[in-house]
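A.B. asks: Below is the sequence, then the predicted model.
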Amino acid sequence: MIRRRHGKAARRRRWEGLREKRSRSIFLLPSLLTTANLFCGFLAMLLTVQGRYVDAAVAIFVAMVMDLLDGRVARLMKATSQFGVEYDSLADVVSFGVAPAFLVYAFALSGLGRPAWFAAFLFVICAALRLARFNVYTGVTDKRYFIGLSTPAASGVVGATVIFLQGAPPPHGVAVALAIGTYLVALLMVSTFKYWSFKEVGWAQRHPAQTLLVVVLGVMIVATNPELFLFIILTGYAVSGPVRRVVVGHTPAPETAVTPLKDTP
């Protein structure tokens, strides 16, 4: 009898060990996607140093895709964790804070003096504050909206601008406009404007054929001139928050917080 009990206990320990290994493998996939996000941000800075500004902007957009996937995969596989939240936020500070600020400074602001590099530094500060606030307010705010411009969208505005200008050194007037735009985008990240998050859209559900047709036509229109339409779409999204405030009015921000789960800021 003792031998049988020991045999059952040993099999149970082996089974529990296999379950623990399986759990670790599930958590590994979202972390690998977050690491890919971080790598793209680092790569964007390396390309910026080499003067390959358009390639650096493309790397930032790839980081946006990786950031979108890691949160979705973590929730789909029920692998959300506090580690994932912290790691994702640290990666986002690099990919959507430091990398786009470094890109816009090297591309257009380096010849404008101290106010210009302060604009780039303000972009980094506001991105970090935006991510910290997002983690605190996750689960409290309405999931349909972001409070403040999200950091991927803000970095997307920078990347789309560089691609729209085709990486060519901008004239002095355009550089000044980019410096002012950098200030504005940075402040929008820490603002209380509401932006549609697109989280409540049931993409996996059935939609009428008209909706599918509109989506296909939209993709085809963007494909005709991606540089222009990418710039228009992202800039329009950044402006939509203040416009919505004017049209709808102000809604007080939440004052309480709950434990955050991994999500896309």
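C.D. replies: Cool, the structure landed.
A.B. asks: and Phe146, that one's in a strand?
C.D. replies: Yes. Using DSSP: H, G, I helix; E, B strand; the rest coil, the assignment for Phe146 is a strand.
A.B. asks: what residue lies at the spatial centre of this protein?
C.D. replies: Pro152 (3.0 Å; Cα atoms, centre = their mean).
A.B. asks: phi, psi of it?
C.D. replies: For Pro152, the backbone dihedrals are phi -60, psi -40 (criterion: degrees, to the nearest 10).
A.B. asks: That one reaches Phe96, doesn't it?
C.D. replies: Yes. Counting by Cβ atoms under 8 Å, Pro152 does reach Phe96; the two are 5.4 Å apart. Every residue, glycine included, has its C-beta placed from N, CA and C.
A.B. asks: Determine the residues that are contacts of both of the two.
C.D. replies: Counting by Cβ atoms under 8 Å, 6 or more residues apart in numbering, the contacts common to Pro152 and Phe96 are 63-64, 67.
A.B. asks: can you count the residues close to Leu32?
C.D. replies: 13 (other Cβ atoms under 10 Å).
A.B. asks: From Met66, how far off is it?
C.D. replies: 9 Å (Cβ to Cβ, to the nearest Å).
A.B. asks: Which of the shared contacts of Pro152 and Phe96 fall within strands?
C.D. replies: Per DSSP state E, strands hold no members of the shared contacts of Pro152 and Phe96.
A.B. asks: neighbour-wise, which of the residues you listed leads?
C.D. replies: When neighbours are counted by other Cβ under 10 Å, Ala63 leads these with 30 neighbours.
A.B. asks: Give the residue spans of the stretch 1-150 of the chain that score low on pLDDT.
C.D. replies: In the predicted model, the stretch 1-150 of the chain carries pLDDT under 70 at residues 1-27, 138-142.
A.B. asks: how about the helices in it?
C.D. replies: Defined through DSSP state H, counting those that start in this stretch, the helices belonging to the stretch 1-150 of the chain, from first to last, are 2-49, 53-76, 82-93, 99-104, 114-137.
A.B. asks: if you compare the ones you listed, which one is most tucked away?
C.D. replies: Among the helices of the stretch 1-150 of the chain, judged by mean count of other Cβ atoms under 10 Å, the one packed with the most neighbours on average is helix 99-104 (a mean of 28).
A.B. asks: which residues touch that helix?
C.D. replies: 41-42, 44-45, 48, 53, 56-57, 59-60, 63, 120-121, 123-124, 127, 154-155, 158-159, 161-162, 178, 182.
A.B. asks: With stretch 213-228 instead?
C.D. replies: Counting by Cβ under 8 Å, 6+ apart, residues outside stretch 213-228 touching it are 163-164, 166, 229-230, 233.
A.B. asks: Same list (those) but as TSV, adding neighbour count.
C.D. replies: Formatted as TSV, the entries for the contacts of stretch 213-228 read as follows, by neighbours: other Cβ atoms under 10 Å:
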residue	neighbour count
Ile163	22
Phe164	20
Gln166	9
Phe229	16
Leu230	20
Ile233	15
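A.B. asks: from the residues you listed, which single one is nearest Arg114?
C.D. replies: In terms of Cβ to Cβ, no member of the contacts of stretch 213-228 lies closer to Arg114 than Phe164, at 26.6 Å.
A.B. asks: doesn't Ile233 make contact with the closest one?
C.D. replies: No. Look at Phe164 against Ile233 with Cβ under 8 Å: they stay out of range, at 11.3 Å.
A.B. asks: Spit out the residues that contact these two alike.
C.D. replies: Common contact partners of Phe164 and Ile233 (Cβ under 8 Å, 6+ apart): none.
A.B. asks: Nearest spatial neighbour of Asp88, chain-adjacent residues omitted?
C.D. replies: Take Asp88 and drop its neighbours on the chain: the residue closest to it by Cβ to Cβ, 6 or more residues apart in numbering is Thr34, 5.2 Å away.
A.B. asks: residues in contact with the one you found?
C.D. replies: Counting by Cβ under 8 Å, 6+ apart, Thr34 touches 66-67, 70, 84, 87-88, 91.
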